[in-house]
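**Q** What shape does this take:
(one chain, ligands or ions: 1)
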Amino acid sequence: MFLDDQHLRVGGVDFHCHYQWNNDDEVEPEGFLPVAKSRDQVERYLRLQKSMPAEVIVEIGIYRGGSTALLHALFQPRRLVAIELASEPAAALSAYIHRHGLDEVIRPHYGINQADRDGVAAIMAAELAGRPVDLVIDDASHLLHETRAAFETLFPRLRPGGLYVIEDWNADHLVADHFDTILADSSTPDHDALAHTLGLAATMQPVPDPRLVRLPLELVLARARKGDVIREVTVMENWVVIQRGEQPIDPREFRLSDLVKDHFANLRAIG
Ligand SMILES: C[S@@+](CC[C@H](N)C(=O)[O-])C[C@H]1O[C@@H](n2cnc3c(N)ncnc32)[C@H](O)[C@@H]1O
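**A** Numbers count the residues shown, from 1 in each chain. From the prediction side, this is the model:
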């Protein structure tokens with residue numbers, strides 16, 4: 001399927017896979033759908049598709065639209081609901097939907113914040129009519145509160161055994177590691193500028209605020225009780241995957257904090 005490290009072809013559709021760390025200016029070749037993921041990241045999707053069919057998929061974070069089209073091309077779902085904060089439709093996705101006559105299958109919603117519980121719930125009610133979801137992919141804000149809110153809204157809508165994937169859960173952590181490496185060696189070219197910038201940032205924001213990397217810690221504590229609601233939590237490169245247990249959950253009331261009993265103050269100890 002990969003013709004080279006960036007060129008993926010699925011069912012006659014060409015995708016340009018390129019992880020955009022900082023809105024760099026690499027442009028996809030004419031006729032290719034842009035996917036903001038590296039080959040390694042996309043290969044995880046290829047493996048997932050082989051291990052699990054998914055008829056109903058929700059994706060959060062459309063960006064330029066290639067990942068939504070790729071989910072469709074790979075899984076051939078009956079319904080793919082996608083949510084995006086930006087209000088401008090992704091041209092590449094609109095063209096894909098139009099070209100393949102998929103208006104009733106791929107349902108993008110723009111101008112929606114993943115943290116808007118009522119807004120997201122209303123979209124699910126309209127688009128799914130109670131049908132359970134097989135797979136949720138969250139590749140949107142990568143912010144703790146927004147990601148947790150979307151999880152609490154959508155996880156109850158998964159079928160038992162369904163999967164909830166949170167991408168790039170440790171991006172902030174990797175950046176902090178990188179900063180630590182630079183700060184530890186005053187001879188590194190970026191040392192002084194970074195120390196200055198972080199010094200300013202510390203003045204403006206003296207209390208370190210928790211980042212998305214906290215969510216998997218909460219999920220592990222939630223799983224520590226029993227596997228009725230959360231059956232499994234798998235942490236890996238780029239992905240945290242949470243599998244839904246059998247227990248019915250009321251989506252209006254589901255809060256992760258109700259499952260997290262930090263008996264030994266581990267979250268607080270970690271800080
Ligand atoms: C990493 S990009 C998505 C990349 C895309 N899934 C792909 O692989 O090609 C993140 C997207 O999430 C959107 N986003 C950011 N914050 C959001 C939020 N709070 N709610 C919904 N979408 C959000 C951004 O506008 C951006 O388009």
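
**Q** Please count neighbours and contacts with C-alpha atoms only from this point.
**A** Noted.

**Q** Would you list the phi and psi of the most far-flung residue of the chain relative to its centre?
**A** Centroid-distance maximum for the chain: residue 187 at 37.0 Å, with Cα atoms, centre = their mean. Dihedral pair for residue 187: phi -90, psi -10, per degrees, to the nearest 10.

**Q** now do residue 84
**A** Residue torsions, per degrees, to the nearest 10, at residue 84 are phi -150, psi 140.

**Q** Flag every buried residue along stretch 164-177.
**A** The neighbour-count check on stretch 164-177 (16 or more other Cα atoms under 10 Å) flags 164, 165, 166, 167, 168, 169, 170 as buried.

**Q** For the fifth one, give me its contacts.
**A** Applying Cα atoms under 8 Å, 6 or more residues apart in numbering, one finds that residue 168 lies in contact with 139, 142, 238, 239.

**Q** for the last one, same thing?
**A** In this structure, residue 170 makes contact with 212, 213, 238, judged by Cα under 8 Å, 6+ apart.

**Q** what does residue 260 give?
**A** 218, 219, 221, 222.

**Q** 6 Å - rerun?
**A** 221, 222 (Cα atoms under 6 Å, 6 or more residues apart in numbering).

**Q** okay, it: pLDDT?
**A** Looking at residue 260, its pLDDT is 93.

**Q** related to what we said a few turns ago, just the buried residues of stretch 164-177: which are in strands?
**A** Those of these mapping onto strands are 164, 165, 166, 167, per DSSP state E.

**Q** Nearest to residue 58 among those?
**A** Taking Cα to Cα as the measure, residue 58 lies nearest residue 164 of those, at 9.4 Å.

**Q** counting contacts, what elements does whichever strand or helix holds residue 192 pack onto?
**A** Using DSSP states H and E, residue 192 sits in helix 191-204. Helices and strands touching helix 191-204, by 3 or more Cα pairs under 6 Å, 6 or more residues apart in numbering; DSSP states H and E: there are none.

**Q** Can you give the distance of it from its chain's centre?
**A** Centroid separation for helix 191-204 versus its chain: 30 Å, with Cα atoms, centre = their mean, to the nearest Å.

**Q** For whatever helix or strand comes next after that helix, buried residues please.
**A** Counting by DSSP H and E, the element after helix 191-204 in chain order, helix or strand, is helix 214-225. The neighbour-count check on helix 214-225 (16+ other Cα under 10 Å) flags 215, 216, 217, 218, 219, 220, 221, 222, 223 as buried.

**Q** What of stretch 231-239?
**A** Across stretch 231-239, burial judged by 16+ other Cα under 10 Å covers 231, 232, 233, 238, 239.

**Q** Go ahead and confirm the second one touches residue 243.
**A** Yes: checked against Cα atoms under 6 Å, the pair residue 232 and residue 243 is within contact range at 5.1 Å.
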